[in-house]
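Asks: Just a sequence and a predicted model for now, questions to come.
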Amino acid sequence: MKSKVQKYVDDFIEETTLALYLDGKYELRKYAPYWIQDIYHFSSALVKQLGNDKCNQNLCHELNQNGSVLAEDVADQIYESLKHYKLFAYYFDIKFNHLRELVLSMKNYVETYLSDRPTSYSECKHINESLYGITDARPLPLSASPVFSYIGDDFTPDVIEYEGLRRSLDSLKNVFTLSYAATNRQNYKENVKEILSGFKIPIDKSVEISVSDDSILMNYYLNGIKRRYHSRMLVYSGIYKPSYTGLGLLGTLKDFLSETTEHVIGKPKEKYSDGEAAYGIMPMKDLANHGLKIDFERIDESKRLVAKEAQSVNLIKETLFLGDHPVTSTSYGADSVLVQHLLSKVYPSIDVYHGKTGLDFPEIYEVEKRLIENGIINPSRLFYGKNKTSYWSLVDEYGFNFERKGKRQNNVNRSEKCCMELKHLPFLNAIKEKHWNINFAGLRADESRARELAAKRDGPIYFAKSWNLFRVNPIIFWTDEDVWQYTKANDIPYASIYDMILLNDKGEEVFKPRIGCWACMLSAKYGYLKWLKEFKPKLYRHIMLDKGLLELLYAKKLGYGLSTSKTGKAQTEGKIEGFDPDYQLGFLEQRPCFFDDTLVNF
């Protein structure tokens, strides 16, 4: 008699083979190893979940003896049969709802996976209802999971295919005309497919071509979801005069991709141009792909985080084929650590980058220590930024950074300058040195209006030209409440700095800290200096007395003369009479609240 685990594996191969025939697309590249891992964990989890009340000792023994061996045996079969494709996850990730998590949480449905028949559609719906509280959702492809497609009847394109179109013109620039100098009618279609398959995100499966004596017809299709069913939609057609040369081929392709992009995604108004902006039929801000249009109220409250976790893991898995050197950048803030936790469900070990600025709160390194102990971070794959200057050198030249980013004085924005020198340039240098091509980050749309607009413009997965890699924001649609509820429910470590909330005499919140550079003055007008004095008195005295902030604020508040240097640095016009270090120390001790309401801008 066949092992029940072997039966499950046979069903899996049969259904994925069918899926391959129906929905096969993309290169597999790195997907199979994670399926293998899921199969192993699935068989191991079954042994743990099935007790004497669920099955007899023989079955438990059979699973225990054969589970991991069978997983290894079938891994090669899966890899060999599917290695050329990255499948829609209908038959695995979504249908079986991330088996590691599902088996551990759905104890009452273990028999479903040990039955002698494939899981039925009704059973699948029942599982979805149990997990998500959604009664009319159908298991769906990867990037349009039951969450991202649950917004009505509009067509929601696959997020990777959408980015492939958005990236297509830039990819076309890297194609050499001479490589296709021998183009003729017979090999025209083949050459076009070859070009499109070589893009950073291949789009050859999205384009259909018909060649005749007097015309070339090109159609562009996008896969996605419509009315909660998998759908393939024709989004643009173009007819062109044939030109059977390398130059003519690339010219026609450029026209076609340009027209398709403008028609589907839209086109912003160019600077210094009289032309108008074009509003596409599917601009990212109107889609569900960024997750911000989802009505999570329709999902049962107790299942909301389960649904968001599943979608975030989907987005991570969706990126597996985009590159072979992923990295997660972390500040060790709550958002970054949550992303690291989710990544650990997909990538057993991943490069981690932390941009040490020299101004980190020490509490964040306690988090780093715990993540290493928990196996979330591999110390051999942990990298730090290398700065060529220091914050204090920047202060000496430009002054303290009180102004928000985007506001310039004398053509200098000190906050932008500081972040560029201490964060962006070190990370960019590390990207070049380590050849990273995928970056996972903890950006969330509800952090600020600017980030919400960026999320609606870029989506959760996009190619960042300035970094020359793919940026992935898997928790872009999570709220602050979601992050903290999930963090505490899953015992995810976080920096104790978050618990140091400044309250007034009535118990009302005055200032809630964030992870970042402790000497940054961007939040001074919101009560940061009062918080720093209360919870970090040594740092407060250091910046006020040793670094000259007290004299600058004193002069501003009392109306002393201030001048501005060529670099935008605000400074007193000469020394304030009698304002020596001893006087400053005495003033700070006698008038401790004098600077609590700092609302100055320099």
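Replies: Thanks, I have the structure now.
Asks: just for this structure, where's the confidence low?
Replies: For the chain, applying pLDDT under 70 flags the ranges 1-153, 227-230, 295-300, 320-321, 348, 406-412, 558-579, 597-602.
Asks: So it: which segments form each domain?
Replies: Using automatic domain parsing, the domains assigned to the chain come out as 4-119, 156-286, 319-494, 523-590.
Asks: counting contacts, what elements does the helix or strand harbouring L338 pack onto?
Replies: Assessed by DSSP states H and E, L338 sits inside helix 334-343. The helices and strands touching helix 334-343, judged by 3 or more C-beta pairs under 8 Å, 6 or more residues apart in numbering; DSSP states H and E, are helix 304-318, strand 326-329, helix 363-373, helix 480-489. Bear in mind the C-beta positions are built from the backbone N, C-alpha and C, glycine included.
Asks: Just want the angle from it to helix 363-373.
Replies: With axes from the mean of the first three to the mean of the last three C-alpha atoms, to 10 degrees applied, the angle from helix 334-343 to helix 363-373 works out at 10 degrees.
Asks: Now do helix 334-343 and helix 480-489, the angle between them.
Replies: Angle of helix 334-343 versus helix 480-489, following the same axes, to 10 degrees, is 60 degrees.
Asks: can you redo the helices and strands packed on helix 334-343 as TSV with mean neighbour count and distance to A181?
Replies: Formatted as TSV, the helices and strands packed on helix 334-343 follow (neighbours: other C-beta atoms under 10 Å; distance: least, C-beta to C-beta, whole Å):
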stretch	mean neighbour count	distance to A181
helix 304-318	23	37
strand 326-329	24	37
helix 363-373	17	54
helix 480-489	15	55
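Asks: thinking again about what came up before, give me the contacts around the helix holding L338.
Replies: Contact with helix 334-343 is made by 309, 312-313, 316, 328-330, 350, 352, 367, 371, 376-377, 440-444, 474-475, 478, 483-484, 486-487, 490, 492-495, 498, 515, as judged by C-beta atoms under 8 Å, 6 or more residues apart in numbering.
Asks: Name the residues that touch stretch 448-466?
Replies: 159-160, 162-163, 166-167, 170, 200-201, 284-285, 287, 289-292, 315, 318-319, 428, 439, 443-446, 469-474, 476-477.
Asks: Can you give me the first-to-last residue distance of it?
Replies: 22 Å (C-alpha to C-alpha, to the nearest Å).
Asks: buried set for that stretch?
Replies: Judged by neighbour count using 16 or more other C-beta atoms under 10 Å, the buried positions of stretch 448-466 are 452, 454-456, 458-463.
Asks: And stretch 257-277, by the same measure?
Replies: Of all the residues in stretch 257-277, those buried under the rule 16+ other C-beta under 10 Å are 257, 259-261, 263-266.
Asks: thinking again about what came up before, and the angle for the helix holding L338 with helix 304-318?
Replies: Using the same axes, to 10 degrees: helix 334-343 against helix 304-318 is 70 degrees.
Asks: on that earlier part again, and the helices and strands packed on helix 334-343: which comes nearest H542?
Replies: helix 363-373 (17.2 Å; C-beta to C-beta).
Asks: Parallel or antiparallel, list what pairs with the helix or strand following that closest one.
Replies: Using DSSP H and E, the helix or strand that follows helix 363-373 towards the C-terminus is strand 382-384. Strand 382-384 has these partner strands in its sheet, going by DSSP bridges: strand 351-354 (parallel).
Asks: Correct me if wrong: L502 contacts E508.
Replies: No: when contacts are counted by C-beta atoms under 8 Å, L502 is not listed as touching E508 (10.0 Å).
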